[in-house]
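Participant: Everything below, folded, please.
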Amino acid sequence: MTETSDSRTATGTFEVHLSPQTSEADGAIYRFGLTKTWSGDITAEGRGVMMSGGDPATGNAGYVAIELVVGTLEGREGTFLLQQFGDLDRGAETLHYQVVNGSGTGALADLRGRMDLTIDDSGVHRYTLQYHLPDDPTH
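Facilitator: Numbers count the residues shown, from 1 in each chain. Below you'll find the predicted structure:
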């Protein structure tokens, strides 16, 4: 998403729960179910699938995930998909979240955006979503 003067910002926290499912590729890739409870400017429930590989204990791993978010964004109700990419390189973490273009429904149709995520020392996940939505929620 290119930031413009009509970009908006949503902030808050979420809780995530992972449930191991299966391994793939002779145990090199792990599959997890994920559920999230979003609070703040996004009030929603999320569910999706995450695939990961590597060895987090050594500080080197990666994951990808797709999540369906069902709820409201600043009072506008609908659904959208989040695409996620995480990289752990020698203990340095990089996280990328992006709204899947064209995935919004209801009053969130035509949602575009990217999300920054931080995890504090106590494990609280905080998000900042930079996004664009048409002014007309019936668009």
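
Participant: Near Trp38, how many other residues are there?
Facilitator: The number of residues packed around Trp38, counting by other CB atoms under 10 Å, is 23. C-betas here are computed from N, CA, C, even on glycine.

Participant: Now do the buried residues in the helix or strand it falls within.
Facilitator: Under the criterion of DSSP states H and E, Trp38 resides in strand 29-40. By 16 or more other CB atoms under 10 Å, the buried positions in strand 29-40 come out as Tyr30, Phe32, Leu34, Lys36, Trp38.

Participant: Next, the contact list for the fourth one, please.
Facilitator: Contacts here follow CB atoms under 8 Å, 6 or more residues apart in numbering; on that basis Lys36 touches Phe14, Glu15, Val16, His17, Ala44, Glu45, Gly46, Arg47, Glu67, Val69.

Participant: Against Gly53, how distant is the residue of the chain positioned farthest from its centre?
Facilitator: Distance from the C-alpha centroid of the chain peaks at Asp26, with 27.7 Å (CA atoms, centre = their mean). For Asp26, the distance to Gly53 (CB to CB, to the nearest Å) stands at 11 Å.
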